[in-house]
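Student: coordinates for the following, if possible.
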Amino acid sequence: MLIRYGMLMYSYFPVTLMSSSPDSESKSSSSSTEDAPKPPIEPIHLPTLEEIRGQDIWNNCAVRSVVSGVMGGGMGLAFGMFLASFDNPTTQEEVTGKVRQQIIQQAKKMGQKSWSSCKSFALMGFVFSLSECIVEKARAKHDITNTVVAGCATGGAISARGGPKAACVGCAGFAAFSVVIEKFLESHT
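Tutor: The predicted structure is shown next:
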């Protein structure tokens, strides 16, 4: 019997073991006819030149960090706008104005909060991605240590304006948060 796997043909001869009892011969011969054919072996697909170039571009730390920064900024803009819609910082003096003026003032405050959130998330995405990529390339490993170092660098960079104590707390906090997120994502993949 010939079985075709991909482009190659293989011959398949069922082998039966000889035994001294006739009952075992009838069992072995009936089981060999009931065997299902093996599933076909799929050929290995080598990446195309475009796929290799795309991987080379994405493996560049500068490209990866800029893309992460832009995406983080977009997410921060949307997140800031969403949270600013719940914020009501108007005072009693601002309420006495016309409705149009109130809407304009509220939109300006929403824009300021969104822009601030956009910058923070962009910095967070940029620093985390850049530091993780650099550490990963230096160590030639992809493990949890890269995430800890990247989280520490990101937390320290975000809270550096508060002084050295705030930078240390930010470093520890963001590193711990990064590890929790990494473990959560590992368990779901």
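Student: can you name the next helix or strand after the lengthiest helix in the chain?
Tutor: In the chain, assigned by DSSP state H, the helix with the most residues is helix 99-139. Heading C-terminal from helix 99-139, the first helix or strand you meet, by DSSP states H and E, is helix 144-158.
Student: could you list the low-pLDDT ranges of the protein?
Tutor: When the per-residue scores of the chain are filtered using pLDDT under 70, the ranges that remain are 1-34, 88-97.
Student: can you say which helix or strand has the most centrally placed residue in the chain in it?
Tutor: Against the mean C-alpha coordinate of the chain, by CA atoms, centre = their mean, the closest residue is residue 185 at 8.0 Å. Following DSSP H and E, one finds residue 185 within helix 164-187.
Student: now do that helix: which elements does it pack against?
Tutor: Packing partners of helix 164-187 (3 or more CB pairs under 8 Å, 6 or more residues apart in numbering; DSSP states H and E): helix 144-158. Yep, even glycine has a C-beta here, placed from its N, CA and C like the rest.
Student: name the residues of the helix it packs on that are buried.
Tutor: Buried residues in helix 144-158, counted by 16 or more other CB atoms under 10 Å: 146-158.
Student: with stretch 108-125 instead?
Tutor: Residues of stretch 108-125 classed as buried: 109-110, 113-114, 117-118, 120-125 (neighbour count, 16+ other CB under 10 Å).
Student: which residue, other than its chain neighbours, is closest to residue 129?
Tutor: Nearest non-adjacent residue to residue 129, counting by CB to CB, 6 or more residues apart in numbering: residue 68, 3.6 Å away.
Student: mind listing what that neighbour touches?
Tutor: 125-126, 128-130 (CB atoms under 8 Å, 6 or more residues apart in numbering).
Student: in CSV: the residues you listed, plus distance to residue 37.
Tutor: Listed next are these as CSV, based on distance: CB to CB, whole Å:
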residue, distance to residue 37
125, 51
126, 54
128, 50
129, 48
130, 52
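Student: any quick ChimeraX command for the buried ones out of those?
Tutor: Paste this into ChimeraX to select the buried members of the contacts of residue 68, with burial taken from 16+ other CB under 10 Å:
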select :125,126,128,129,130
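Student: and which of the contacts of residue 68 is nearest to residue 142?
Tutor: Distance from residue 142 was checked for each of these by CB to CB. The minimum falls on residue 129, at 13.7 Å.
Student: so that closest one sits against residue 62, correct?
Tutor: No - here residue 129 does not reach residue 62: they are 10.1 Å apart, not a contact under CB atoms under 8 Å.
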